[in-house]
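Participant: structure here, sequence nowhere to be found:
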């Protein structure tokens, strides 16, 4: 099966530590690399954890708080130093516009490639990027400023036709095409049903990235059934005012979302500097949703 | 003797690596901490190498190229997260003004302390900061944009009076004050010469930070006799167009400056990503100036 992986580059919230950088995930899907969020030092994390900087195709920014974007300027510069030619697409809330403009005013001289900004704005899950085999959706979160989550989702594949039946029935190219679309082949003398001759080569997989947010009811619907859900868990549940005062979630709330959405596996992160011991967050989350994981920087998760 | 130390937080030029961050030095003098330059990830380097972020009193920026300042926004934010109250003084070329303004426009909400910007502009070494016991001078370098070097220099100390002579001559407080100023005590019946009764408790030490620059004749005069000279050495001497095309120096040129200025010890850094093997730069520099050192990130040097 085609690889579909998430590499976690940062697991701290606003204040990093020796071992935890700020937010950044690299998504590898169909051999292509995408970056979500870009805290300070993300480029060094890429070097540390073996991510090719020049191969990042596009960047998805959830919101313009510093701990999610302060690594961008350095990354933009390094991409240029490394001789990048292909344009870089950056998807971010509209208030990222002036920040990019600032970058170009003061540090843009000699940047070797084009940076194309796509303002993200939607009230419900919306496809903002697609290829033949997968798509990226954005959906709004509930944080202090405009914030969006992103979902990477494989598209429903075409049917494959069982090889032995091609010979048995002497299927023509046209007939194979019919079966690949999931339709029955109707000959004068017989019907070859798609349900017998064709099959789906894989079940589409999906990964959702839910950054800074306080819990809200629609979220579990929007990430329903994803194979891998990243959901911020800034605090342990002992921090009672997390949702109301800081517009964040705690580990229990992240796990409740995972459970209610029926996801495959939950990744948590964005840990507050009050406590950087991931095992405590993980233990809390597992009381609600056993398949919860609190990664260290550099950990890799398959979307499966 | 009072400690006077330099901790090297970054030794790479524009492109960092797994092991080398971008430019930043922490100067500890008389128990006080100052930061010079602030490449991306400087705050994490501080955490890694045991530098107290809240104790940084002031920051000196040589020029506004990204690899010297992209760590500032994150550091400003973290200082606030850590509850800083005292104002932070930032000394930088005047074109840093709009950058600080941008920071406050987009990320300044809730910053817990004042950032006071001091525009540096001078044509020769000029004192820009001083205390009772030491001073900081700025001096212009020759780079693509306005760039300044900085020198930390202990002030000439008062004389100390030999304790045994205080008793022997029955010196009054006034007479002791006279000797401390280096003046002879003149009594009706005798003269007590300062040269006999008083001595300098230490020889003032100095450290100069010469960031991005192509060599120029005055520099060796301006850093003459410093105990510790940091001089960028972006390239090995095989890179022939370093001074003219990039306005940088190579290891040989850094060492020539150290030799001609008669400094105590030379630190090099700002190594190009073309070669991050410090031993090669060090070997080249030592052919000219034996007391040359190519540090790793985290190395500490006494100014002595």
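Facilitator: Cool, got the structure. Computed from a prediction, not measured in an experiment: that's the story for all the values here.
Participant: could I get the full set of strands for the stretch 151-300 of chain A?
Facilitator: A:160-161, A:185-186, A:191-192, A:198-199, A:206-210, A:228-232, A:265-269, A:292-293, A:300-302 (DSSP state E, counting those that start in this stretch).
Participant: return the residues of chain A in contact with chain B.
Facilitator: Counting by C-beta under 8 Å from any C-beta of the partner chain, chain A comes close to chain B at A:14-18, A:21-22, A:40-41, A:43-44, A:47-48, A:64-67, A:70-71, A:73-74, A:77-78, A:81-82, A:98-99, A:102, A:106-107, A:273. Quick note: C-beta positions are derived from backbone N, CA and C, even for glycine.
Participant: which residues touch the closest residue to chain B within the stretch 201-304 of chain A?
Facilitator: For the stretch 201-304 of chain A, the residue closest to chain B is residue A:273, as judged by C-beta to the nearest C-beta, at 7.2 Å. Contacts for residue A:273 (C-beta atoms under 8 Å, 6 or more residues apart in numbering or on different chains) come out as A:12, A:13, A:14, A:15, A:17, B:81.
Participant: with residue A:62 instead?
Facilitator: Per C-beta under 8 Å, 6+ apart, neighbours of residue A:62: A:23, A:36, A:37, A:68, A:141, A:147, A:148, A:149, A:150, A:209, A:211, A:212.
Participant: ok, now residue A:80?
Facilitator: Residue A:80 touches A:110, A:111, A:112, A:113, counting by C-beta under 8 Å, 6+ apart.
Participant: go again with 6 Å.
Facilitator: A:111, A:112 (C-beta atoms under 6 Å, 6 or more residues apart in numbering or on different chains).
Participant: what's in contact with stretch A:182-193?
Facilitator: Against stretch A:182-193 from outside (C-beta under 6 Å, 6+ apart): A:159, A:169, A:175, A:178, A:194.
Participant: how long is it from one end to the other?
Facilitator: 9 Å (C-alpha to C-alpha, to the nearest Å).
Participant: quick check: residue A:28 touching residue A:4?
Facilitator: No - with contacts counted by C-beta atoms under 6 Å, residue A:28 stays clear of residue A:4, the gap being 7.1 Å.
Participant: what's the burial count for the closest residue to chain B within the stretch 51-200 of chain A?
Facilitator: With C-beta to the nearest C-beta, the shortest gap between the stretch 51-200 of chain A and chain B falls at residue A:74, namely 4.1 Å. Taking other C-beta atoms under 10 Å in any protein chain shown as the criterion, the count of residues near residue A:74 is 27.
Participant: now do the host helix or strand of it, average pLDDT.
Facilitator: Residue A:74 belongs to helix A:72-81 when assigned by DSSP states H and E. Throughout helix A:72-81, pLDDT has a mean value of 97.
Participant: just how off-centre is that helix within its chain?
Facilitator: Helix A:72-81 sits 22 Å away from the centroid of its parent chain (C-alpha atoms, centre = their mean, to the nearest Å).
Participant: helix or strand next in line after that helix, which one?
Facilitator: By DSSP H and E, the next helix or strand past helix A:72-81 is strand A:88-93.
Participant: and that following strand, what does it pack against?
Facilitator: Applying 3 or more C-beta pairs under 6 Å, 6 or more residues apart in numbering or on different chains; DSSP states H and E, one finds that strand A:88-93 contacts strand A:56-60, strand A:115-120.
Participant: which segments of chain A make up each domain?
Facilitator: Domain assignment for chain A, taken from automatic domain parsing, gives A:4-157+A:204-302, A:160-199.
Participant: I'd like these as a markdown table, with distance to residue B:290 appended.
Facilitator: As requested, the domains of chain A are exported to a markdown table (distance: least, C-beta to C-beta, whole Å):
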| stretch | distance to residue B:290 |
| --- | --- |
| domain A:4-157+A:204-302 | 33 |
| domain A:160-199 | 71 |
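Participant: just those: most buried one?
Facilitator: Comparing the domains of chain A by mean neighbour count (mean count of other C-beta atoms under 10 Å in any protein chain shown), domain A:4-157+A:204-302 ranks first with a mean of 20.
Participant: mind checking the end-to-end distance for stretch A:266-274?
Facilitator: End-to-end distance of stretch A:266-274 (C-alpha to C-alpha): 22 Å.
Participant: should've said stretch A:279-297
Facilitator: End-to-end distance for stretch A:279-297: 14 Å, by C-alpha to C-alpha.
Participant: then stretch A:266-278?
Facilitator: Start-to-end span of stretch A:266-278 (C-alpha to C-alpha) is 14 Å.
Participant: the helix holding residue A:74 to strand A:88-93, inter-axis angle?
Facilitator: Inter-element angle recorded for helix A:72-81 and strand A:88-93: 170 degrees (by axes from the mean of the first three to the mean of the last three C-alpha atoms, to 10 degrees).
Participant: tell me the angle of helix A:72-81 relative to strand A:115-120?
Facilitator: Per the same axes, to 10 degrees, the angle that helix A:72-81 makes with strand A:115-120 is 140 degrees.
Participant: tell me where chain A has helices.
Facilitator: Secondary structure of chain A (DSSP state H): helices located at A:42-48, A:66-69, A:72-81, A:97-107, A:163-169, A:173-180, A:194-197, A:219-222, A:242-245, A:251-261, A:278-286.
Participant: ranking the ones you listed by mean pLDDT, which is last?
Facilitator: Lowest mean pLDDT within the helices of chain A: helix A:242-245, a mean of 77.
Participant: who touches it?
Facilitator: With contact meaning C-beta under 6 Å, 6+ apart, helix A:242-245 is reached by A:214, A:235, A:248, A:250.
Participant: ok, now with 10 Å
Facilitator: A:142, A:213-216, A:233-236, A:239, A:248-251, A:253, A:272 (C-beta atoms under 10 Å, 6 or more residues apart in numbering or on different chains).
Participant: lowest pLDDT pick from those residues?
Facilitator: Out of the contacts of helix A:242-245, that is residue A:239, at 85.
Participant: setting aside sequence neighbours, what's the nearest residue to that one?
Facilitator: Nearest non-adjacent residue to residue A:239, counting by C-beta to C-beta, 6 or more residues apart in numbering or on different chains: residue A:250, 6.1 Å away.
Participant: one step back: right, and the helices and strands packed on strand A:88-93 - which one's nearest residue B:279?
Facilitator: strand A:56-60 (32.2 Å; C-beta to C-beta).
Participant: partners of the closest one in the sheet?
Facilitator: If you go by DSSP bridges, strand A:56-60 pairs up with strand A:32-36 (parallel), strand A:88-93 (parallel).
Participant: contact partners for residue A:106?
Facilitator: A:73, B:64, B:65, B:66, B:69, B:95, B:96, B:98, B:99, B:102.
Participant: format those as JSON lines; extra columns: distance to residue A:229.
Facilitator: Below are the contacts of residue A:106 laid out as JSON lines (distance: C-beta to C-beta, whole Å):
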{"residue": "A:73", "distance to residue A:229": "30"}
{"residue": "B:64", "distance to residue A:229": "41"}
{"residue": "B:65", "distance to residue A:229": "40"}
{"residue": "B:66", "distance to residue A:229": "35"}
{"residue": "B:69", "distance to residue A:229": "37"}
{"residue": "B:95", "distance to residue A:229": "45"}
{"residue": "B:96", "distance to residue A:229": "42"}
{"residue": "B:98", "distance to residue A:229": "41"}
{"residue": "B:99", "distance to residue A:229": "38"}
{"residue": "B:102", "distance to residue A:229": "35"}
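Participant: surely the residue nearest to residue A:239 and residue A:284 touch.
Facilitator: Yes - in this structure residue A:250 lies within contact range of residue A:284 using C-beta atoms under 10 Å: 7.6 Å.
Participant: residues that sit against both of those two, list them.
Facilitator: With C-beta under 10 Å, 6+ apart as the test, residue A:250 and residue A:284 both reach A:233, A:235, A:236, A:237, A:238, A:268.
Participant: the fifth one: what's it in contact with?
Facilitator: It refers to residue A:238. Contacts of residue A:238 by C-beta under 10 Å, 6+ apart are A:250, A:274, A:275, A:280, A:284.
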